[in-house]
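[1] model this:
(2 chains)
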There are 2 protein chains.
Amino acid sequence: MSVPAGQATSFPPDPLFLGFDVGGTNIKMGLVDNQGRTLVKTMIPTHQERGPADACRRMTEVGRQLTADAGVDFAQVATIGLATPGTMDIAAGLLLQPHNLPAWWEFPIRDCLIETIGKPVAFANDANAAAFGEFWVGSGARYHSIVLFTLGTGVGGGIIIGDLSVDGEHSHGSECGHIHIEFGPHARICGCGQRGHLEAYTSAKAVVQRTKEALFSGRSSSLRDRLGAGGELTSLMVAEEASRDDRLCLEIVMETARFLAIGAVNLMHVIDPGAVIFGGAMNFGGPDSDLGRRFLERIRSEVRLRAFPTLAASTAIEFAQLGGDAGYIGAAGIARLQHQRSRR
Amino acid sequence: MSVPAGQATSFPPDPLFLGFDVGGTNIKMGLVDNQGRTLVKTMIPTHQERGPADACRRMTEVGRQLTADAGVDFAQVATIGLATPGTMDIAAGLLLQPHNLPAWWEFPIRDCLIETIGKPVAFANDANAAAFGEFWVGSGARYHSIVLFTLGTGVGGGIIIGDLSVDGEHSHGSECGHIHIEFGPHARICGCGQRGHLEAYTSAKAVVQRTKEALFSGRSSSLRDRLGAGGELTSLMVAEEASRDDRLCLEIVMETARFLAIGAVNLMHVIDPGAVIFGGAMNFGGPDSDLGRRFLERIRSEVRLRAFPTLAASTAIEFAQLGGDAGYIGAAGIARLQHQRSRR
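    Residues are numbered from 1 along each chain as shown, chains lettered A, B, ... in the order given. As a prediction, the model looks like this:
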């Protein structure tokens, strides 16, 4: 094994990890060191229609090139981390029927990547990988355990307890958006078809739906001017009008915070993590905006109303820090764990 | 170290574990071997009013006597398991404010027992200990992870994933009765004061409350004859009349099953365990009665309606097997884990 110049000592160099985060549109990847720092990163199109074997070949090629660009011998990459959307069988390394990768169904992706890249591959669900990233070097780095909610078109989740990613016995662990917070015929219908799930109240789609209902009921809002020309309502428009103090839109944002607080409290009473972290794009501007900070503050105050007092006082409620990098960083982190365990 | 006759070999004898399960009325205890078999067991009154130090002295005395009765040298007992009701600080070994042990508040019970009994003590929440017992040698023994709901005056829970008991960062993990399944002003009030928790729908108290409301609304029921003389309605009476096919009582039982299924599905989507197990006395007769079996069958069918299809098809839904022994057996099991870790 050759080592890069400057690292040739009698000790082997620190291992590095290459993390891949496969999405329906793009595959993000990064070379991550033993401390969770990204040395280099890039992104390639998924081209899902070309199928998973083609993607594995391109991931290998670009991953090798990326490593070379960083001036690192590929031999120093100890283990690969691969995060994909579900459904999947993590233990078997299989993709089952991921809805945004229809050409990849029922495919042994882990073994395919092992074959093309020639290294051990740790396989993870993308939401759990993102949670592991935040846990390792993001908002969760100070805690022994975290729950991550990812807010977007749907609501995903990841749970990390110590070094354990709660993957579940059937690779369905940590589906934090799909818990009932309401039941009965009045409960809202979720993207999964069931009624009353947290996602049915707090996804971007749910925000749009709730806003439409309020407009339909006759509420006044500056949204009416924007929609007059016949545009499509989006959660981003709700956020924009809320940040301009439109009363209805502000109500929708704060009600979303209340629903998320109910979900957060459920997870706090089940897992009792050190921190509950909110990631994903549907964060009403996130930590860098006034509206985002008010949104988070409302989640916190609604949690304080509902959680056991000890937990209300001591559980951190934060935005995620790593943004779109969380997935490949977490995949690399899970690869690092697998590498460490293999050396025991 | 002397060993009992017949075990004197050049190998040390298998370690044994003494498990204590402290309740408001009684302390159950048992001597448990390395395979989870109870060699001897007994029960002493808690005498909570005498305080925790007195209890530790009596636990030590009776525990030593119990071990001697089994013909075992006390030196063979490797580690002690101690399960208590919360609130508690597990890491610090402290009782905080357990509501059924008012004379024991803010007490370092683990160290007190270490002092009197002279052995390492593993400290656990009683519901998590019961879950560990079922996981080790009960209904959960075939699975890698379980969720236990304990049905009684309240609804408790325990979550075990691999060797991990989900105790939480603030000793509030696995409070599976205190998850919202409903919100808003119409949601039922829980024993903890919050609205909409699973316990508010499925505890023995909730069953009584829901039955009273139905009677008050004018529903006919054979309960009216029994209550005519001025008795107090209990969940046991509801179970008895349901098993005699009283229509209202049967509805209450089956509605309870539906609520529990909603709670079970929430935990299945968060933890994705191998099995969800229902323990505790409020089980409508449990596995040995026709009503109990119908109750469990209804939980299963309601879970199948609501869970992700993969989980609905593959997650076991069972009654607990160990009854009142689960707590001390699980405490012994957690003691065994601590012992094994201490020898690595």
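[2] In space, what's closest to residue A:243 - neighbours in sequence excluded?
    Nearest non-adjacent residue to residue A:243, counting by Cβ to Cβ, 6 or more residues apart in numbering or on different chains: residue A:291, 4.1 Å away. C-beta coordinates here come from the backbone N, C-alpha and C atoms, glycine included.
[3] So which bits of the stretch 1-150 of chain A are right by chain B?
    Contact residues, the stretch 1-150 of chain A versus chain B (Cβ under 8 Å from any Cβ of the partner chain): A:87, A:143-145.
[4] Counting neighbours, which of those residues comes out on top?
    Among those, residue A:145 has the most neighbours (other Cβ atoms under 10 Å in any protein chain shown), with 21 neighbours.
[5] close enough to count as contact, it and residue A:276?
    No. With contact defined as Cβ atoms under 8 Å, residue A:145 does not reach residue A:276; the gap is 10.4 Å.
[6] Buried residues, the helix ranked longest in chain A. List them.
    Ranked by number of residues, the top helix in chain A under DSSP state H is helix A:247-271. Judged by neighbour count (16 or more other Cβ atoms under 10 Å in any protein chain shown), helix A:247-271 contains these buried residues: A:248-271.
[7] if we can go back for a sec, toward the C-terminus, what is the element adjacent to the host helix or strand of the residue nearest to residue A:243?
    Assigned by DSSP states H and E, residue A:291 belongs to helix A:290-306. Sequence order places helix A:309-314 as the next helix or strand after helix A:290-306, per DSSP H and E.
[8] Name every strand pairing with the helix or strand that that following helix is followed by and say which way it goes.
    Next in sequence after helix A:309-314, counting helices and strands by DSSP H and E, comes strand A:316-319. Using DSSP bridges, strand A:316-319 pairs in its sheet with strand A:275-279 (parallel).
[9] For the strand it pairs with, give me every contacting residue.
    With Cβ atoms under 8 Å, 6 or more residues apart in numbering or on different chains as the test, strand A:275-279 has contacts from A:130-131, A:134, A:138-140, A:142-143, A:146-151, A:260, A:264, A:267-268, A:296, A:299, A:303, A:315-320, A:322-323, A:326.
[10] Now do the same for residue A:150: helix, strand or coil?
    The assignment at residue A:150 comes out as strand when based on DSSP: H, G, I helix; E, B strand; the rest coil.
[11] What's the per-residue pLDDT of it here?
    In this model, residue A:150 is scored at 96, pLDDT.
[12] Okay, and the beta partners of it?
    Going by DSSP bridges, residue A:150 forms beta bridges with residue A:156, residue A:279.
[13] do you know how far it is from residue B:121?
    41 Å (Cβ to Cβ, to the nearest Å).
[14] Could you do residue A:118 as well?
    With Cβ to Cβ as the criterion, residue A:118 and residue B:121 are 50 Å apart.
[15] Between those two, which has more neighbouring residues?
    residue B:121 (24 against 12).
[16] burial count for the residue nearest to that one when sequence neighbours are not counted?
    Distances taken as Cβ to Cβ, 6+ apart place residue B:80 nearest to residue B:121, at 4.5 Å, with adjacent residues excluded. Applying other Cβ under 10 Å, we find 28 residues neighbouring residue B:80.
[17] Which residues are in contact with residue B:80?
    By Cβ under 8 Å, 6+ apart, the residues touching residue B:80 are B:17-20, B:63, B:113, B:117, B:119-122, B:335.
[18] part of a helix, is it?
    No. Counting by three-state DSSP, residue B:80 falls outside a helix, being strand.
[19] Show the pLDDT at the residue nearest to residue A:15 when sequence neighbours are not counted.
    Leaving aside its chain neighbours, residue A:15 sits nearest to residue A:78 (3.5 Å; criterion: Cβ to Cβ, 6+ apart). Listed pLDDT for residue A:78 reads 98.
[20] how close does residue A:78 get to residue A:18?
    Where residue A:18 is concerned, residue A:78 sits at a distance of 9 Å (Cβ to Cβ).
[21] same thing with residue A:234?
    For residue A:234, the distance to residue A:18 equals 35 Å [Cβ to Cβ].
[22] out of the two, which sits in the more crowded spot?
    Here residue A:234 and residue A:18 are compared on neighbour count by other Cβ under 10 Å; more neighbours surround residue A:18, at 31 against 14.
[23] in which helix or strand would I find that one?
    Element membership of residue A:18 [criterion: DSSP H and E] is strand A:16-22.
[24] Tell me the strands beside that strand, with direction?
    Applying DSSP bridges, one finds strand A:16-22 paired with strand A:26-32 (antiparallel), strand A:77-84 (parallel).
[25] show me where the stretch 101-250 of chain A has strands.
    Using DSSP state E, counting those that start in this stretch, the strands of the stretch 101-250 of chain A run over residues A:121-125, A:145-151, A:155-161, A:164-165.
[26] Those strands: which one's closest to residue A:178?
    Nearest to residue A:178, of all the strands of the stretch 101-250 of chain A, is strand A:155-161, at 8.1 Å by Cβ to Cβ.
[27] how about the closest one: buried residues?
    Of all the residues in strand A:155-161, those buried under the rule 16+ other Cβ under 10 Å are A:155-161.
[28] If you count contacts, what does it end up packed against?
    helix A:126-137, strand A:145-151, helix A:247-271 (3 or more Cβ pairs under 8 Å, 6 or more residues apart in numbering or on different chains; DSSP states H and E).
[29] The same query, at a cut-off of 7 Å, please.
    Under the contact criterion of 3 or more Cβ pairs under 7 Å, 6 or more residues apart in numbering or on different chains; DSSP states H and E, strand A:155-161 touches helix A:126-137, strand A:145-151.
[30] most packed of those?
    Comparing those by mean neighbour count (mean count of other Cβ atoms under 10 Å in any protein chain shown), helix A:126-137 ranks first with a mean of 30.
[31] Show me what that one packs onto, helices and strands only.
    strand A:77-84, strand A:145-151, strand A:155-161, strand A:275-279, helix A:326-342.
[32] switch the cut-off to 6 Å
    strand A:145-151, strand A:155-161, helix A:326-342 (3 or more Cβ pairs under 6 Å, 6 or more residues apart in numbering or on different chains; DSSP states H and E).
[33] what does it contact?
    With contacts defined as Cβ atoms under 6 Å, 6 or more residues apart in numbering or on different chains, helix A:126-137 is touched by A:36, A:83, A:85, A:140, A:146, A:148, A:150, A:156-158, A:160, A:165, A:174, A:277, A:320, A:322, A:326-327, A:329-331, A:333-334.
[34] Swap in 7 Å and give it another go.
    A:21, A:36, A:83-85, A:140, A:146, A:148, A:150, A:156-160, A:165, A:167, A:174, A:277, A:279, A:320-322, A:326-327, A:329-331, A:333-334 (Cβ atoms under 7 Å, 6 or more residues apart in numbering or on different chains).
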